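**Student:** what's the 3D shape of this:
(one chain, ligands or ions: 1)
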Amino acid sequence: MTIKDFFTANNIDMDTNCARDLAWLLVERTKSEPIEWGAKEITKQEQTAIKRDIARLKKGEPLGLILGFVPFVNCEIKVTPDVLIPRSETEQLCDMIITEYEGVPTRILDLCTGSGCIAVSLAKNLDAYVLATDISEAAVSVARQNALANFAQVDFVVGDMFEKVSGQFDIIVCNPPYLDSKEMETLPRSVADYEPHSALFGGEDGLDFYRKIAQEAPAYLSAGGVIYMEVGDFQAEKVAEIFGEFDCNIVGDYYGFDRFVIARSRK
Ligand SMILES: C[S@@+](CC[C@H](N)C(=O)[O-])C[C@H]1O[C@@H](n2cnc3c(N)ncnc32)[C@H](O)[C@@H]1O
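**Tutor:** Residues are numbered from 1 along each chain as shown. Okay, the predicted model is just below:
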């Protein structure tokens, strides 16, 4: 049976709201492009596996978890229920850092590393020493696997923010948990049921981790060092205020939200 016939036989509608994920799923599972689907044959076994995947997708499970990986910068990042699925905004943050520091020897600290997507992509694309840390042992285990699989040299430690960190860094980068109590109550099912809550909740107003970073980062930043942070919707101004002792820039994401705060040390 061709992929196109398989669609017809199973009433698969490519115009549903998960059409993009569905198309990506089929590209990955059949190792073929949509233009080939009129002629590309798939086995009974493949059909059964794809039907199972589509049922998971329809239930709201994120595609990254179904496939077990997401593409991120020029890396393939393994994801499991123990880590946040890397988002395109975070990829934009890494692209920004890679463009800025290309060819410059740099020491980087990635706090709240999760899957290790930030640490791994920066280590792979920059002339950088990278140390990454997360409080979750399970997340760090996934991050270590990602570093190995992507041939990236990263040191990992398990700890609460700066707890296990020593040394000075030119860049501290962090995409911390930043949702507030209200947002935690109204999470879409695809997030609430499938992603670790410890990766999401940033305290009552969502800003606890930024306060901690503002307080502790100066001891770990080299002269002129910079902190790159991803922030939640409508948090950028408040985060820049928390970093009042720094020179702050707010940068928008591709969707038009103020998404990144870049805080430069004045010392
Ligand atoms: C929003 S996720 C970011 C993951 C990854 N950096 C990314 O951008 O996809 C936040 C991460 O912070 C970690 N985390 C939560 N509390 C922490 C703490 N007190 N110290 C260090 N990491 C923490 C979580 O385990 C989770 O992996």
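**Student:** Break down this structure into its helices, ranges please.
**Tutor:** Along the chain, counting by DSSP state H, helices occupy 3-9, 19-30, 44-58, 63-67, 88-101, 117-125, 137-149, 181-185, 189-192, 208-216, 236-242.
**Student:** winner for burial among these?
**Tutor:** Of all the helices of the chain, helix 117-125 carries the top mean neighbour count, a mean of 27, counting by mean count of other C-beta atoms under 10 Å. (C-beta placed from N, C-alpha, C; glycine too.)
**Student:** mind giving me JSON lines with the helices of the chain and columns for mean pLDDT?
**Tutor:** Formatted as JSON lines, the helices of the chain follow (pLDDT from 0 to 100):
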{"stretch": "helix 3-9", "mean pLDDT": "87"}
{"stretch": "helix 19-30", "mean pLDDT": "89"}
{"stretch": "helix 44-58", "mean pLDDT": "91"}
{"stretch": "helix 63-67", "mean pLDDT": "96"}
{"stretch": "helix 88-101", "mean pLDDT": "98"}
{"stretch": "helix 117-125", "mean pLDDT": "98"}
{"stretch": "helix 137-149", "mean pLDDT": "98"}
{"stretch": "helix 181-185", "mean pLDDT": "95"}
{"stretch": "helix 189-192", "mean pLDDT": "90"}
{"stretch": "helix 208-216", "mean pLDDT": "98"}
{"stretch": "helix 236-242", "mean pLDDT": "98"}
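**Student:** what's near enough to touch the residue in the stretch 51-200 of the chain that the ligand sits nearest to?
**Tutor:** Residue nearest to the ligand within the stretch 51-200 of the chain: residue 114 (2.5 Å; C-beta to the nearest ligand atom). When contacts are counted by C-beta atoms under 8 Å, 6 or more residues apart in numbering, residue 114 touches 83, 84, 86, 134, 136, 139, 142, 143, 175, 199.
**Student:** switch to 7 Å and redo it
**Tutor:** Contacts for residue 114 (C-beta atoms under 7 Å, 6 or more residues apart in numbering) come out as 83, 84, 134, 139, 143, 199.
**Student:** follow-up on the earlier one: how about TSV for the helices of the chain, with distance to residue 265 added?
**Tutor:** Formatted as TSV, those follow (distance: least, C-beta to C-beta, whole Å):
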stretch	distance to residue 265
helix 3-9	54
helix 19-30	41
helix 44-58	45
helix 63-67	35
helix 88-101	15
helix 117-125	19
helix 137-149	26
helix 181-185	30
helix 189-192	34
helix 208-216	11
helix 236-242	14
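**Student:** quick one, which of these is nearest to residue 254?
**Tutor:** Nearest to residue 254 among those is helix 88-101; the distance by C-beta to C-beta comes to 6.3 Å.
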